[in-house]
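**Q** Have a look; sequence and predicted model below, questions after that.
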Amino acid sequence: MNNYYQTEGNILTDVDNIVTMILFSKVDNVQLALILNYLYPALMYHHKQELEYTETVKWFVAVGQLLKDEYYPLEVIWDQQSVDAFVYEIKKYKPEYDMSRHTFLLQETRNTNSFREYLTQMFTHHGRLLVVRVDLQYKIECRSGVSVHDFDEHMTSLRERMSNKKGCFKELEGFAWSLEQGYKQTGDHDNKGSLHCHLLLLYNGAKKDNGYYSGRSVGEKWVSMTDGQGSYFNCNDPKYFKPFKEKGTLGIEMTHRKDPNKVQNTINTALYLTTKKDKYEQRLKAMLPNMRTFGHSAYRNTKRRGLPPIAN
């Protein structure tokens, strides 16, 4: 099998891209024959009944089985006639594609509104918060061995640690996370098919004031809890945020409630988790049932009387 399809993430990403290109008539049928002869058996090899796939993957499988179900995937040969039929059948799903994309964007709008309200409440209640952003992913050489099951287990464990507020999460007042899957290679950064998490952490600014150290500690914890498979990018590295600081748009580090411009910058920066232009393209292509791809901790004003203790 072609080494190009060495990871499940790459396969799913390529399937999503190819189906989208077919739907918008942006693929050459002659070239598509070469692609399908590699991609179809690769996907069917990795396909798992217990996972929930994005619509594009489902359609790819459904049309492939409609046209080639009498053959084992490795025996399938996509000639020009069967490729033309594949394209014809895929294009029938265009209305469903438009609807699924619309539904996805509506959910992201709801997430954004909920997230904005949460952040506003946090900065209304707290005098100052140390804002930390860390991107969590996996080393390139380890990605082929990391499944969506592994990713879900790692993220579940991470959320439990954040809720318990121990170690590097001590003095944590709030957090938010967004799960994505890269879909293209840009420059020297090969994020195609990679599972990753954008993490926002809000620490008590009266007790923590070093964003770089906090971000590094969280990143190192991620590497440790993934048995060395994980990697991270610390957005609180001064080398990274210096240009934003010079432009007056810095939205991380210490944010004081009395500084409305900095608060607004922080909210704008945080909403990156739900408002990225390519959010749809970076959706997970395979998930476990009921797997959440975005969330934030609950806002609770502990100074109000009559409230029960916050359960971690």
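**A** Thanks, I have it.

**Q** Could you pull out the buried residues of the helix or strand hosting residue 13?
**A** Using DSSP states H and E, residue 13 falls within helix 8-23. Counting neighbours by 16 or more other CB atoms under 10 Å, one finds that the buried residues in helix 8-23 are 8-20, 22-23. For the C-beta atoms, the positions are set from N, CA and C on the backbone; glycine is no exception.

**Q** out of these, who's nearest residue 199?
**A** residue 9 (19.5 Å; CB to CB).

**Q** Go ahead and confirm that closest one touches residue 180.
**A** No: counting by CB atoms under 8 Å, residue 180 is not a contact partner of residue 9; they are 11.3 Å apart.

**Q** May I have the beta-bridge partners of residue 175?
**A** residue 201 (DSSP bridges).

**Q** Just give the number of residues close to it.
**A** 20 (other CB atoms under 10 Å).

**Q** what separates it from residue 284, distance-wise?
**A** 20 Å (CB to CB, to the nearest Å).

**Q** same question, residue 265
**A** Counting by CB to CB - residue 265 and residue 284 are separated by 29 Å.

**Q** Ok, residue 25 next?
**A** Applying CB to CB to residue 25 and residue 284 gives a distance of 26 Å.

**Q** ditto for residue 13
**A** From residue 13 to residue 284 the distance is 11 Å (CB to CB).

**Q** Now do the buried residues in stretch 136-154.
**A** 136-138, 142-143, 146-148, 150-152, 154.

**Q** What of stretch 108-119?
**A** For stretch 108-119, by 16+ other CB under 10 Å, it's 108, 111, 115-116, 118-119.

**Q** Report the mean per-residue pLDDT for that stretch.
**A** The average pLDDT within stretch 108-119 is 96.

**Q** for stretch 123-131, same thing?
**A** Here the average pLDDT along stretch 123-131 is 96.

**Q** show me where pLDDT drops low in the stretch 151-300 of the chain?
**A** Scanning the stretch 151-300 of the chain for pLDDT under 70 picks out 185-190, 300.

**Q** all strands for it, in order.
**A** For the stretch 151-300 of the chain, the strands defined by DSSP state E, counting those that start in this stretch occupy 172-181, 185-186, 189-190, 195-204, 230-234, 253-256, 286-287, 294-296.

**Q** Determine which of these approaches residue 40 most closely.
**A** Across the strands of the stretch 151-300 of the chain, closest to residue 40 is strand 286-287 (CB to CB), at 16.6 Å.

**Q** Pull the contacting residues for residue 235.
**A** 132-135, 215, 241, 252 (CB atoms under 8 Å, 6 or more residues apart in numbering).
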